[in-house]
Every structure is written in C-alpha cells, then in structure tokens.
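*Asks:* Got a sequence here, can you model it:
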Amino acid sequence: MTFLVTGATGTVGRLVVQELLDAGAQVRALTRDPGKAALPAGVEVVAGDLARPESVAAAFEGVTGVHFITFAGDDYTPLPDPARLVELAAAAGVRRATVLGGRTDGALEQALAADELEWTLLNPVEFMSNTLRWWAHAIRTEGVIKEPFGDRLSALVHERDIAAVAATVLVEGGHGGRTYTITGPEAITLKRKVEILGAAIGRDVRFVELTVDEARAKWAADGMAEQTIEFLVSALGDTPEAGYTVVPTVREVTGRDARDFAQWATEHADAFRG
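*Replies:* Numbers count the residues shown, from 1 in each chain. I've put the predicted structure just below:
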C-alpha cells in the first residue's frame with residue numbers, strides 16, 4: 001500500500017512519514033519544494049501545492065490513504081478549494097484519509113463527509129514541540145522562563161504520538177467517522193514543565209510568573225500582533241477542559257502508552273543547553 005502525506009516537511013508530517021515507513025508502507029510525500037525536503041531514503045517526494053488542487057492530482061494516483069492538513073503554506077492560510085482536493089482523491093481511488101487538527105464543520109471535512117472516503121479527524125492538544133519555539137532561546141541565554149498562568153494544566157502530547165496514531169489509522173483502516181482527541185499520559189502545570197526541562201538539561205531553570213498585563217507587554221515587545229496576544233490570553237487563561245483532560249487514544253489506537261514530557265525533554269535537551 002502507498003500513502004500520501006501532505007505537509008510532509010512539517011513537525012508532524014515528517015514523523016507520519018517515518019511511522020509509515022516503519023510500518024512497512026510505501027510513502028509518497030507532498031511538498032512545494034522537493035529539493036529542500038530532506039526526507040528519509042525510500043520516500044517518493046513529489047511536488048505539489050494544496051492551494052492549487054490540480055498540482056496534486058498526480059500525487060493521488062495509486063494511493064490507498066492520505067494524511068491531510070487543513071491549510072496551505074507557512075502562514076496557515078485555509079485551503080482555498082478543499083472540495084476539489086477530495087474530488088481528485090476520490091477519482092484516483094483513494095480509500096481513506098486522516099485530517100490533522102480540523103473540525104467536523106470544516107470545509108475539507110464536509111467535503112470528505114459528502115464522499116465515500118473513510119476519514120478520521122485527529123485533534124491533538126498542545127504539542128510538546130511548541131516548547132522549542134517558545135522557550136529554547138530564553139533557556140539557553142537566560143535560564144529563565146517568564147510566563148503568565150503558572151498553574152495552568154496541559155495534557156501535552158508528543159508529536160511522535162500524533163504521527164503514530166495517524167499512521168496506524170491509515171494502515172489499519174476501520175477508523176472511519178471517528179474523531180480522536182490525542183493527549184499525553186499526564187496533565188502538568190507550566191511550573192512543573194519548567195522543572196522537568198531543568199532536570200533534563202542538568203541546569204536550574206527559574207520560572208517568573210507574569211501578570212496578564214506584563215505578559216501582554218512582553219509579547220508585544222516580542223513583535224506579536226494584538227490579535228495573537230489576546231488569543232493567547234484567552235486560550236492560556238481559560239484552557240478548555242479538553243486541553244487538560246488525559247484520554248487513552250494513543251494506547252487504544254497504537255497499542256502502546258503515550259510518551260510523557262520528561263521523555264520529550266530528554267530527547268530535545270541539547271536544544272535548550274547554552
């Protein structure tokens with residue numbers, strides 16, 4: 001069986017590629033720039049842009065299942081014509097699909113629901129990998145994390161577990177019509193997250209809790225747009241219950257336990273060392 005991975009050079013996409021390879025599947029990876037893909041040997045890398053459905057048509061040929069993302073480009077622009085993408089996939093004989101981070105009333109999801117493809121919605125909570133983007137520089141240079149909401153709980157999920165669920169669903173089949181929330185094995189506070197990172201790198205990392213107004217000022221100084229700042233204040237200050245409620249999806253789908261944040265921190269410790 002051959003599987004097409006869209007967003008194949010992204011944080012999760014690369015790992016979906018690897019998980020499918022590990023399962024013995026043939027993998028076709030879609031990217032706008034194959035020359036920069038740097039994917040494992042044995043992967044068929046093809047050029048295409050989800051924003052231009054006709055450019056993806058050939059990539060669907062001979063494919064059993066597709067791992068879809070719901071945006072096009074690095075700026076997370078919504079897909080302009082998801083219905084056409086689904087039409088092309090169905091015409092090529094694609095039988096099943098996973099959709100990462102979508103919603104049941106999304107345009108891509110509605111197009112899949114209107115077709116006969118077996119599709120599964122994957123909704124991971126906060127990615128552990130976001131820690132690299134948000135904290136690596138501060139820990140390397142200052143050894144201090146300054147954030148609001150230190151007691152906020154999150155059931156952080158390892159990106160490899162997201163990929164493992166996606167690959168299992170695609171290879172096994174039989175998961176059609178389901179929405180899977182994907183979490184890690186525990187809900188931890190921001191303060192505990194800092195402690196775990198410090199232990200992983202063998203260095204004390206201080207946590208300084210900001211007020212909401214101090215956080216707004218810091219994020220504005222970092223160049224964040226006002227809309228993004230207010231989204232963060234809302235999302236972090238009032239995390240939905242789903243964001244901190246641990247569910248056994250990883251074990252139920254893949255047959256093994258989800259990876260915890262301590263494991264992730266150990267794997268990525270070098271990125272946080274000065």
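*Asks:* residue contacts, Arg273?
*Replies:* 140, 201, 203 (C-beta atoms under 8 Å, 6 or more residues apart in numbering). Any C-beta I mention is one placed from the backbone N, CA and C, and that applies to glycine too.
*Asks:* what's the distance between it and Ile229?
*Replies:* Using C-beta to C-beta, to the nearest Å, one obtains 30 Å as the distance from Arg273 to Ile229.
*Asks:* How about Glu19, nearest residue that isn't a chain neighbour?
*Replies:* Leaving out its chain neighbours, the residue that sits closest to Glu19 by C-beta to C-beta, 6 or more residues apart in numbering is Ala167, at 3.6 Å.
*Asks:* With Gly42 instead?
*Replies:* Leaving aside its chain neighbours, Gly42 sits nearest to Leu21 (6.5 Å; criterion: C-beta to C-beta, 6+ apart).
*Asks:* and the strand or helix carrying the one you found, what other elements does it pack with?
*Replies:* Using DSSP states H and E, Leu21 sits in helix 11-22. Using 3 or more C-beta pairs under 8 Å, 6 or more residues apart in numbering; DSSP states H and E, the elements in contact with helix 11-22 are strand 2-5, strand 26-31, helix 159-172.
*Asks:* hang on, the earlier thing: now which of the contacts of Arg273 would you call buried?
*Replies:* Neighbour counting by 16 or more other C-beta atoms under 10 Å classes Ile201 among the contacts of Arg273 as buried.
*Asks:* re earlier: name all residues that make contact with the residue nearest to Gly42.
*Replies:* 27, 40, 42-43.
*Asks:* how about the helices and strands packed on helix 11-22, which one is nearest Ala217?
*Replies:* Proximity to Ala217, assessed across the helices and strands packed on helix 11-22 by C-beta to C-beta, is greatest for helix 159-172 (30.8 Å).
*Asks:* sorry, back to before: OK, contacts around the residue nearest to Glu19?
*Replies:* Contacts of Ala167 (C-beta under 8 Å, 6+ apart): 16, 19-20, 22-23, 25.
*Asks:* again, only this time at 10 Å
*Replies:* 3, 5, 15-23, 25, 27, 65, 67, 98, 253-254 (C-beta atoms under 10 Å, 6 or more residues apart in numbering).
*Asks:* What's the ChimeraX line that selects buried ones from those residues?
*Replies:* Only the buried entries of the contacts of Ala167 go into this ChimeraX selection, using 16+ other C-beta under 10 Å:
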select :3,5,15,16,17,18,19,20,21,23,25,27,65,67,98,253,254
